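# sequence unknown, structure follows:
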């Protein structure tokens, strides 16, 4: 990640504001802090988990110097609209890959897309990701409906008990983390942090493994519905 170098070379300095995603890794906001600037958290789109352009527009103030968008889980942020906002206000716009994302060749991406297509057609009881052609499914992220984090966490524990190696991709909004705390509440970010769960779609998974995973999810899905 070259956020610090990019912002510094563009003249972003202490006191400037930089709009960043509230959902995801803290590294982006931490990089902004290292330049002396102030991270301003914007909400994410409910489908892509990337910056919502409307939320970005609302976050811009006279002190804003830059916007840093992050491509999330293998899906691209809506850079067309975000760059238009930057052009309108004279802001630097930076697009970053998700910290820690793997480099995916086309063969791996095809395999993951095939796994995602299969799971989208089979899973019930969870909300599957929107099917988008350019999505590479670095992580296959579903939503577990329920009354909040305890339901998603209980679902994850039950899946692991059935041998499914699932993980919580973003445990908390970035603005709740030590050193980055802000008194904000962004509804889509809050919901995503409470509901999302990443299921494995490694290229080497077999159809039988995918079938077992779908069966385990479907067996549990009806037990954890909204009240």
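Good, I have the coordinates. Bear in mind the structure is a predicted one, so any value in this text is a computation, not a measurement.
# helix or strand next in line after the longest helix that the chain contains, which one?
Identified as the longest helix of the chain according to DSSP state H is helix 106-122. Downstream of helix 106-122, the first helix or strand assigned by DSSP states H and E is strand 140-143.
# what's the offset of that following strand from the middle of its chain?
Computed by CA atoms, centre = their mean, to the nearest Å, the separation of strand 140-143 from the middle of its chain amounts to 10 Å.
# run through who's touching that strand.
Here strand 140-143 makes contact (CB atoms under 8 Å, 6 or more residues apart in numbering) with 49, 73, 112, 115-116, 119, 123, 126-129, 169, 192, 195-201, 217. Every residue, glycine included, has its C-beta placed from N, CA and C.
# ditto for stretch 76-94
So stretch 76-94 is contacted by 3, 6-7, 10, 12, 45, 48, 50-51, 53, 56-57, 60, 64-71, 95, 134 (CB under 8 Å, 6+ apart).
# what stretches of this protein score poorly on pLDDT?
Along the chain, the model assigns pLDDT under 70 to residues 1, 4, 146-150, 221-227.
# could you chop it up by domain?
3-97, 106-221 (automatic domain parsing).
# my guess is residue 192 meets residue 47, correct?
No - contact between residue 192 and residue 47 fails when scored by CB atoms under 8 Å: they sit 10.3 Å apart.
# the more surrounded of these two?
More crowded of residue 192 and residue 47, by other CB atoms under 10 Å: residue 192, with 24 against 12.
# what helix or strand does that one sit in?
With DSSP H and E as the test, residue 192 turns up in helix 187-195.
# returning to what we had before: buried subset of the contacts of stretch 76-94?
3, 6-7, 12, 45, 48, 50-51, 53, 56-57, 60, 64-71, 95 (16 or more other CB atoms under 10 Å).
# filter these down to the ones in helices?
Per DSSP H, the buried ones among the contacts of stretch 76-94 map to helices at 3, 6-7, 53, 56-57.
# list only buried entries from the contacts of strand 140-143.
By 16+ other CB under 10 Å, the contacts of strand 140-143 give 49, 73, 112, 115-116, 119, 123, 126, 128-129, 169, 192, 195-201, 217 as buried.
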